[in-house]
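# Quick one, what's the 3D model for this:
(one chain, ligands or ions: 1)
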Amino acid sequence: MSKPTKTVRKSQLRAAITGVCGYVPPDVLTNAELAQMVDTSDEWIVDRTGIKERHILTGKGLGTSHMGAEAVRGLLAKTATAPGEIDLLVCATTTPDFVFPSSANLICDMCGIRNIGSFDVQAACSGFVYALTIASQFIETGKYRKIVVVGADKMSAIIDYTDRATCVLFGDGAGAVLLEPSRKYGIIDTLISSDGSGMPYLHQKAGGSRFPPTADTVTQRLHYVHQEGASVYKFAVARMADVATVLMKRNQLLSEDIDWLVPHQANKRIIESTAERMKVPPERVMMTIQKYGNTTNATMPLCLWDYESKLKAGDRMLFAAFGGGFTWGGLYLTWAY
Ligand code: ACO
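Residues are numbered from 1 along each chain as shown. Below you'll find the predicted structure:
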């Protein structure tokens with residue numbers, strides 16, 4: 001059994017995940033229902049993506065913070081943590097409730113968490129890895145002792161349900177983890193990266209400061225996810241595998257050392273090809289895409305939530321993500337419980 005020998009941090013204080021909770025809204029949108037809305041089929045969707053159904057947040061006035069708050073309330077209850085104990089809350093999201101204030105601010109308020117720092121992180125589908133990377137620094141320096149990191153997205157708010165190329169892919173959901181200091185377990189290495197020249201392939205065309213909302217942008221349907229799937233697919237396959245390879249190499253990990261691969265869930269074929277390149281067998285790869293679709297920032301915490309009962313203290317996990325921007329990133333950690 002090889003052990004990571006590279007000392008990535010000077011301090012041995014690590015940020016360990018000590019609890020996880022997820023939330024998906026009750027309404028389910030099946031492939032059969034989508035086939036009645038656009039020219040697609042269950043067979044095409046399952047074959048090309050692995051997705052069978054996804055959850056959709058309905059209800060007037062409910063945004064990403066609603067799901068994030070559900071996950072955080074569950075997390076606090078489960079870990080017997082009082083709202084007043086939390087030192088910082090970071091929310092990774094691409095679909096914040098408003099341009100401002102941040103959804104992190106709103107989640108804190110909804111959960112009775114007062115007078116702490118809170119902010120959103122925007123890195124598309126890599127956001128949860130980015131947020132964990134940022135939050136872990138505050139633990140490693142000893143500044144904070146309890147940080148909540150949320151990954152949440154209401155993708156249905158920016159999906160064009162007349163565009164078969166994107167509407168079959170995404171779902172809504174949220175997940176939250178508690179980070180606490182540990183000298184035994186936790187985040188050992190992180191990697192975040194980006195390439196802004198990838199913007200044309202995957203972005204929302206209007207709604208930001210470059211093209212603020214107008215009657216025209218709405219008529220032209222520019223407030224939705226625009227994706228050139230095949231191009232993004234090529235980048236995603238390459239970058240996810242690269243992230244995993246770099247983290248394995250610099251932590252001297254062989255494939256048999258990895259107990260769990262935690263990949264961003266965008267497409268079953270991307271996940272399988274990443275796992276193949278790492279030589280990690282399917283039984284050690286977390287896969288939830290069939291029931292949630294791509295929930296963007298929520299895919300990774302939802303994976304941890306779903307697989308929690310199978311995990312044990314010391315399990316070595318490698319996270320790999322790729323998203324719009326382009327952004328990509330990964331983490332190597334040991335599970336704490
Ligand atoms: N049903 C039936 N046919 C479809 C559908 C559909 N839902 N969607 C596309 N098609 C058709 C296309 O029109 C095309 O038809 P044509 O050959 O007649 O032109 C054909 O299927 C092939 O289209 P491709 O886009 O080349 O299909 P591909 O095999 O690449 O699969 C997919 C598309 C699933 C989107 C894939 O490209 C993919 O997973 N891309 C990467 C997604 C990703 O990783 N995104 C990053 C994270 S997301 C984020 O950051 C927000």
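
# Name the nearest residue to the closest residue to the ligand within the stretch 101-250 of the chain, sequence neighbours excluded.
Using CB to the nearest ligand atom, the closest approach of the stretch 101-250 of the chain to the ligand is made by G229 at 3.0 Å. The C-beta positions use only the backbone N, C-alpha and C, and glycine is treated the same way. The shortest distance from G229 to any non-neighbouring residue, by CB to CB, 6 or more residues apart in numbering, is to A165 (5.8 Å).

# Can you name every helix or strand that the strand or helix carrying the one you found contacts?
Assigned by DSSP states H and E, A165 belongs to helix 164-167. When contacts are defined as 3 or more CB pairs under 8 Å, 6 or more residues apart in numbering; DSSP states H and E, helix 164-167 packs onto strand 225-227.

# if you set the cut-off to 10 Å instead, what comes out?
helix 31-37, strand 225-227, helix 229-250 (3 or more CB pairs under 10 Å, 6 or more residues apart in numbering; DSSP states H and E).

# Ranking these by mean neighbour count, which comes first?
Per residue and on average, the most neighbours among the helices and strands packed on helix 164-167 fall to strand 225-227, with a mean of 20 (mean count of other CB atoms under 10 Å).

# what's it in contact with?
With contacts defined as CB atoms under 10 Å, 6 or more residues apart in numbering, strand 225-227 is touched by 94-95, 124, 155, 158-160, 163, 165-167, 169-170, 200-206, 233, 296, 324.

# Give the partner strands of it in its sheet and their orientations.
Applying DSSP bridges, strand 225-227 is found paired with strand 202-204 (antiparallel).

# any idea whether the residue sitting nearest the centre point of the chain is helix, strand or coil?
Compute the mean C-alpha point of the chain, and by CA atoms, centre = their mean the closest residue is N297, 3.0 Å away. Following DSSP: H, G, I helix; E, B strand; the rest coil, N297 is assigned to helix.

# check contacts around it.
64, 68, 91-95, 120-131, 150-153, 155, 173-175, 264, 321, 323.

# gap between it and I187?
Using CB to CB, to the nearest Å, N297 is found at 18 Å from I187.

# Okay, and the beta partners of V262?
For V262, the beta-bridge partners are F319 (DSSP bridges).

# do the same with G151
The partner residues for G151, given DSSP bridges, come to A92, G175.

# gap between it and S197?
Plainly put, G151 is 26 Å away from S197 if you go by CB to CB.

# the more surrounded of those two?
Using other CB atoms under 10 Å as the criterion, G151 and S197 rank with G151 on top: 32 against 9.

# need the contact list for that one.
22, 68, 71, 90-93, 121, 125, 127-129, 131-132, 173-177, 295-302, 304.

# again, 6 Å this time
Neighbour list for G151: 92, 128, 175, 297-298, 301 [criterion: CB atoms under 6 Å, 6 or more residues apart in numbering].

# how's the protein carved up into domains?
14-184, 188-334 (automatic domain parsing).

# how far does the shortest one stretch from start to finish?
Think domain 188-334. This stretch, domain 188-334, spans 8 Å end to end (CA to CA, to the nearest Å).

# So which bits of the stretch 51-200 of the chain are right by the ligand?
With the criterion set to CB under 6 Å from any ligand atom, the stretch 51-200 of the chain comes near the ligand through 124-125, 164-165, 168-169.

# Please spell out which residues along stretch 166-185 are buried.
Neighbour-count burial for stretch 166-185 flags 166-182, 185 (criterion: 16 or more other CB atoms under 10 Å).

# how about it as CSV, C-alpha atoms only?
Taking Å, rounded to 0.1, in the frame of the first residue of the first chain, the C-alpha atoms of stretch 166-185 are listed here in CSV:
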residue,chain,number,x,y,z
THR,A,166,-29.1,20.6,-23.5
CYS,A,167,-32.5,20.0,-21.8
VAL,A,168,-32.0,16.3,-21.4
LEU,A,169,-28.7,16.8,-19.5
PHE,A,170,-29.4,18.9,-16.4
GLY,A,171,-31.2,18.6,-13.1
ASP,A,172,-31.6,20.6,-9.9
GLY,A,173,-30.2,19.7,-6.5
ALA,A,174,-27.9,20.7,-3.6
GLY,A,175,-25.4,19.2,-1.2
ALA,A,176,-23.5,20.5,1.8
VAL,A,177,-20.4,19.3,3.7
LEU,A,178,-19.0,20.3,7.0
LEU,A,179,-15.2,20.9,7.1
GLU,A,180,-13.3,20.6,10.4
PRO,A,181,-9.6,20.5,11.3
SER,A,182,-8.0,17.1,11.6
ARG,A,183,-4.4,15.9,12.0
LYS,A,184,-5.3,12.4,10.7
TYR,A,185,-7.7,12.8,7.7
